[in-house]
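Novice: Predicted model follows, preceded by the sequence.
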Amino acid sequence: MQLTSRAVPAASEPTRLAGLVKARLADGDDAGARAVYGDLVGELQQRASRLAFSYVRNGADADDVVQEAFVKAFQALGSYREDRPFETWFWRILTNATLDRLKSRQRRARWQQPMPDGDEDVRWMPASDARTPEAVLVARETVRAVRQAIDDLPARQRLVLLLSHLDGRTSREVSQMTGISESTVRVHLHRAVHRLRRALERAGF
Amino acid sequence: MGRRSGEMLRRWTRRADGRRGGHPGDERLLELLLAPTSDGEAAARREHVAACDACGRRLRALEAVLAEARASLDADADAWFTEGRLDRQRAGIMRRLAGDRSPARILSFPGAWRLARPGPGIARRWVAAAAAAGLVLGLVAGLALEPRRPGLERLVAGSRVGRPEGGPLAPDRSRLLPPVPVSPSDEAFLVELDAAMRAPRIEPLQVLDELTPRMAEVGTGGR
């Protein structure tokens, strides 16, 4: 049983690649820098896409956000300090981009009629087929309730929870990624946990 | 442990987020999973969970639910971001980075109307002179071909008739433009509009119009 935070994936490879990109840019080798940056994108792309998708809940928006974040990161690479994990630095750019996208979507939503939510938005993949149909159904409803509770969280609480839960980040890392103070991150997390607990209770878990 | 007693234990352990009889509630267990701390209280809680069978089971159940929720979130994202989409995404990023190094480009609108620069052998003043000459020739030819009021007389008449004695410059547009039927009032205009709407060729469009929701209807109906 694991009671501490999940192990954070090693950031050494993205950090090493980022250092290489900076060095090539300093040498004036733009094409070489872009080629190495392509490898760096490949390292982080899927995780970034998952996080963005979980947060903005729309594939096209998530795609835009991820592209924008990678482009911005390349443009701002001069301000990146190589003695710190690249991922933390990049995740901050990504989370800012997702927050910006959500704000933009809320602005647009004020002028548009929202589409009705469908059940197909929440898809669930059973983790194991070894359970009884009843157990599978109950588990499915429980997971659905948890996902709905996550979707219903206020923006910052959701962001903090997703970074902690999906990416296994500690409160300190979430603070560095989002620019929110560590104590505020913990407050957001506690509130999110409270809502999750209530959702589980309502689901009869 | 029977099913009933198990259910009672579950209710008891999850009832409050505080401690009851030394057992942490669900909220405290979720905090252990999602917001671990190294303070004394959390350490004591961890010790309790490690020693208490019921709390350990509850924690594992919560952990499983969270893991499945995480797996389903990832599965949703992966279903959208297929290998092909990720490849296209990466290609898009690299394309934008390659374009970023080139100087900013200003697109004229519309592009086809962009004036071509005269070649090096043609002086600009000759281009301007040719354009002016063409304009004058066109004006003279147009006036000469006007059947009712030949020559420059029309322009002169227009400016003279439209200005009252000592009054401000107000050319009589009816002398310059072809006569246009003007409705006497807005009411007449609306009558004409109604008549046009009742015309047979509009009927198919009216059906479509009725099918189209109005903003006000949508706004009230959707809430």
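Specialist: Received, thanks.
Novice: So what does residue B:24 look like in phi/psi?
Specialist: Main-chain dihedrals, residue B:24, degrees, to the nearest 10: phi -70, psi 150.
Novice: In contact with it, which residues?
Specialist: B:13, B:32, B:45, B:48-49, B:55 (C-beta atoms under 8 Å, 6 or more residues apart in numbering or on different chains). Yep, even glycine has a C-beta here, placed from its N, CA and C like the rest.
Novice: Closest to chain A out of the residues you listed?
Specialist: residue B:32 (5.5 Å; C-beta to the nearest C-beta).
Novice: and the helix ranked longest in chain B, does that touch chain A?
Specialist: In chain B, taking DSSP state H as the definition, the longest helix is helix B:53-80. Yes - legend: contact between helix B:53-80 and chain A by C-beta under 8 Å from any C-beta of the partner chain is shown at B:56, B:59-80.
Novice: same check, this time on stretch B:31-42
Specialist: Yes - Stretch B:31-42 comes into contact with chain A (C-beta under 8 Å from any C-beta), by way of B:31-37.
Novice: Max pairwise distance over the residues you listed: which two?
Specialist: B:33 and B:37 (12.0 Å; C-beta to C-beta).
Novice: The two: which has the busier surroundings?
Specialist: More crowded of residue B:33 and residue B:37, by other C-beta atoms under 10 Å in any protein chain shown: residue B:33, with 22 against 15.
Novice: pretty sure the more buried one contacts residue B:59?
Specialist: Yes - the pair residue B:33 / residue B:59 is scored as a contact, 7.3 Å apart, by C-beta atoms under 8 Å.
Novice: quick one on the thing from earlier: if any of the residues of helix B:53-80 next to chain A are buried, put those into a ChimeraX selection.
Specialist: Selecting the buried subset of the residues of helix B:53-80 next to chain A in ChimeraX, with 16 or more other C-beta atoms under 10 Å in any protein chain shown as the burial test, is done by:
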select /B:59,61,62,63,65,66,68,69,70,72,73,74,76,77,78
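Novice: Would you quantify the distance from residue A:183 to residue B:94?
Specialist: The gap separating residue A:183 from residue B:94 is 40 Å, by C-beta to C-beta, to the nearest Å.
Novice: The two: which is more packed in?
Specialist: Each of residue A:183 and residue B:94 has its neighbours counted (other C-beta under 10 Å); residue B:94 has more, 18 against 10.
Novice: What are the contacting residues of the helix or strand of chain A with the lowest mean pLDDT?
Specialist: Across the helices and strands of chain A, the lowest-confidence element by mean pLDDT, DSSP states H and E is helix A:133-152, at a mean of 79. Here helix A:133-152 makes contact (C-beta under 8 Å, 6+ apart) with A:57, A:122, A:124, A:126, A:129, A:131, A:158, A:161-162, A:192, A:195-196, A:198-200, A:202-205, B:65-66, B:68-69, B:72-73.
Novice: what's the offset of that helix from the middle of its chain?
Specialist: Between the centre of helix A:133-152 and the centre of its chain there are 21 Å (C-alpha atoms, centre = their mean, to the nearest Å).
Novice: That one to helix B:53-80, inter-axis angle?
Specialist: 70 degrees (axes from the mean of the first three to the mean of the last three C-alpha atoms, to 10 degrees).
Novice: Check whether stretch A:77-90 comes near chain B.
Specialist: No - applying C-beta under 8 Å from any C-beta, one finds stretch A:77-90 separated from chain B by no less than 10.8 Å.
Novice: Touching that stretch from outside, list them.
Specialist: For stretch A:77-90, contacts defined as C-beta under 8 Å, 6+ apart pick out A:9, A:11, A:14-15, A:17-19, A:21-22, A:25, A:40, A:44, A:48, A:69, A:73, A:173, A:176-177.
Novice: Among these, name the buried ones.
Specialist: Looks like those have A:11, A:14-15, A:17-19, A:21-22, A:25, A:40, A:44, A:48, A:69, A:73, A:173, A:176-177 buried, using 16+ other C-beta under 10 Å.
Novice: Check what pLDDT residue 33 gets.
Specialist: In the absence of a named chain, this looks at chain A. Listed pLDDT for residue A:33 reads 93.
Novice: meant chain B actually
Specialist: Residue B:33 is given a pLDDT of 82.
Novice: ok, and it, which helix or strand is that part of?
Specialist: Applying DSSP states H and E as the criterion places residue B:33 in helix B:26-34.
Novice: Could you list the buried residues of whichever helix or strand comes after that helix?
Specialist: As assigned by DSSP H and E, the chain's next helix or strand after helix B:26-34 is helix B:40-51. Residues of helix B:40-51 classed as buried by neighbour count (16+ other C-beta under 10 Å): B:42, B:45-46, B:48-49.
Novice: Going by distance to residue B:134, which of those wins?
Specialist: For the buried residues of helix B:40-51, the residue nearest residue B:134 by C-beta to C-beta is residue B:42; the value is 88.1 Å.
Novice: No further questions, thank you.
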